[in-house]
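Q: Sequence and predicted model, in that order:
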Amino acid sequence: MNCKNCNARLPEGEAVCPNCGFHNKTVWKRVLAFACAAILLSVLVCTALYALGVADFGLKENNAQYKNSYTVSDKKVLKKSNTVIATVGDRKLTNELLQIYYSIEVVEFITNYSNYLGYFGLDYTKPLDEQYFSAADKITWQQKFLDGALNTWYMYAIMDLTAKEEGYVYDQELIKSIENLPNHLKELAEKNKYSSAQEMIEADFGAACTAEAYLQYLSEYYKGVAFLSSKYDTMTPTQQEIDTYFAENQKELEQNGIKKTSGKYVDVRHILIEPQGGKEDEKGNVTYSQEEWDKCGAEAQAILDEWLAGEATETSFGELANKYSKDPGSNTKGGLYEQVAAGKMVEEFDAWIFDESRVPGHYGLVKTEFGYHVMYYVGSEDIWICEVRNMILSDRTDAYIQQVQKGLPLEVTYKNIVLGQLVLE
């Protein structure tokens, strides 16, 4: 079985894609996959968030333990949707926006740790305010996820505030992408046979969540990641620093599977063209005629020819990927997949990108069960170098964020917080 989102091969019996995080057996993951971009940066952001924390659970009046449960009826949530529950600087977080941050916090955790939920003692089919994350401290899973959601919003807010203070100018391509998000969300809703983006968001996250709030979340997410990435030029370690870090931590790294013989990561761009028509059997499997496959291949070849007739650069390829690709996991980021390990993508795709003759700038067409892929090989890097660099960056990111936080404290009014019903499949 392969991932419906990025075409990566799924481990036997697994529903969660190890490459893009898409949950292939539930529908609520589709809008989460829509938000995936700058994977490395978001991982570092999340590392920083969880390391820092918002509140001291020992002070009941100042943290998520203020209420035993924040769940109320959807009607009450909508009534209190504009109530401000947190501030930092001149930024305000309302209950309406919190619903999205909270919902995504829950869904991301369940998706990323689906195989370990039993170990954690979490049953997502039951109310989260009735299960303990820490029984000894009487902290519920709802309280844990709530603070995680507040942390995430806080992170994006202070990044945008700092960007403004420093006079940082967001890239125009990013601004255009953000402006086009409503159209992409509408297309995603239509693809999944919903009458509107709002109907899809409600189906995925509950009636208390709105499409407007989800789009605001995406905007804050993209801006936060973009600004933090702009800091990486000064944070990125040199090769000598990477070598030193590996030498000093070699035993621990190798125990965690990071060795100098671990192979390579590949960065690749692609444009997925899906065959049209087909016949669906009683199990939902779709087969296509040779004529339908030929039309699909001809369309992919036409796009490749269009690229070759133009500047034929990586940038122009990315522009065509955003325009033509049907892959929701990459068609808002120029068709790019970064740090792909061997065996993680569907067989034909994997074989092409890991061909030993491949060099940066190579291009071609690859046919898989999902359609024809117009390929562009970006490059590769040793896994150990990439992983060690990420570790150093994560440490430096934590230090930077802690410094920024000192001048931008978060204030939360927990008594004003209400959460709608979050139904997980």
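A: Cool, got the structure. All values derive from a computational prediction rather than experimental measurement.
Q: contacts and neighbour counts: CA atoms only from here.
A: Noted.
Q: so what are the domain limits for the protein?
A: Using automatic domain parsing, the domain parsing of the chain gives 30-234+402-416, 262-383.
Q: I'd like to know which of the ones you listed is closest to Met391.
A: Of all these, it is domain 30-234+402-416 that lies closest to Met391, at 8.7 Å by CA to CA.
Q: Please work out the average pLDDT along that closest one.
A: For domain 30-234+402-416, the per-residue pLDDT values average out at 83.
Q: now do stretch 256-273
A: Stretch 256-273 comes out at a mean pLDDT of 95.
Q: can you tell me which helix in this structure is longest?
A: helix 141-166 (DSSP state H).
Q: Point out the other elements, helices or strands, that that helix touches.
A: In terms of contacts (3 or more CA pairs under 8 Å, 6 or more residues apart in numbering; DSSP states H and E), helix 141-166 is packed against helix 39-52, strand 84-88, helix 95-112, strand 132-134, helix 211-230, helix 383-406.
Q: Turn the ones you listed into JSON lines, columns for mean neighbour count and distance to Tyr66.
A: Written out in JSON lines, the entries for these read as follows (neighbours: other CA atoms under 10 Å; distance: least, CA to CA, whole Å):
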{"stretch": "helix 39-52", "mean neighbour count": "17", "distance to Tyr66": "20"}
{"stretch": "strand 84-88", "mean neighbour count": "20", "distance to Tyr66": "13"}
{"stretch": "helix 95-112", "mean neighbour count": "22", "distance to Tyr66": "16"}
{"stretch": "strand 132-134", "mean neighbour count": "17", "distance to Tyr66": "15"}
{"stretch": "helix 211-230", "mean neighbour count": "20", "distance to Tyr66": "25"}
{"stretch": "helix 383-406", "mean neighbour count": "17", "distance to Tyr66": "23"}
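Q: Mind checking the ones you listed for the one nearest to Gln172?
A: That would be helix 211-230 among these, by CA to CA, at 11.6 Å.
Q: So for the helix or strand following the closest one, what gets flagged as buried?
A: Per DSSP states H and E, the first helix or strand lying C-terminal to helix 211-230 is helix 232-235. Neighbour counts over helix 232-235 (16 or more other CA atoms under 10 Å) mark Met235 as buried.
Q: got it, and stretch 411-421?
A: So for stretch 411-421, counting by 16+ other CA under 10 Å, buried means Val412, Tyr414, Ile417, Val418, Leu419, Gly420, Gln421.
Q: Relative to Ala135, how far out is the second one?
A: As judged by CA to CA, to the nearest Å, Tyr414 and Ala135 stand 21 Å apart.
Q: Check the third one too.
A: When distance is defined by CA to CA, Ile417 is 23 Å away from Ala135.
Q: Repeat that for the last one.
A: Distance of Gln421 to Ala135, given as CA to CA: 23 Å.
Q: Kindly report the same for the fourth one.
A: In this structure, Val418 and Ala135 are 23 Å apart, going by CA to CA.
Q: sorry, back to before: how far off centre is the longest helix of the chain?
A: 16 Å (CA atoms, centre = their mean, to the nearest Å).
Q: That one versus strand 84-88: what angle between them?
A: Interaxial angle of helix 141-166 relative to strand 84-88 (axes from the mean of the first three to the mean of the last three CA atoms, to 10 degrees): 40 degrees.
Q: Toward the C-terminus from helix 141-166, list the very next helix or strand.
A: helix 172-179.
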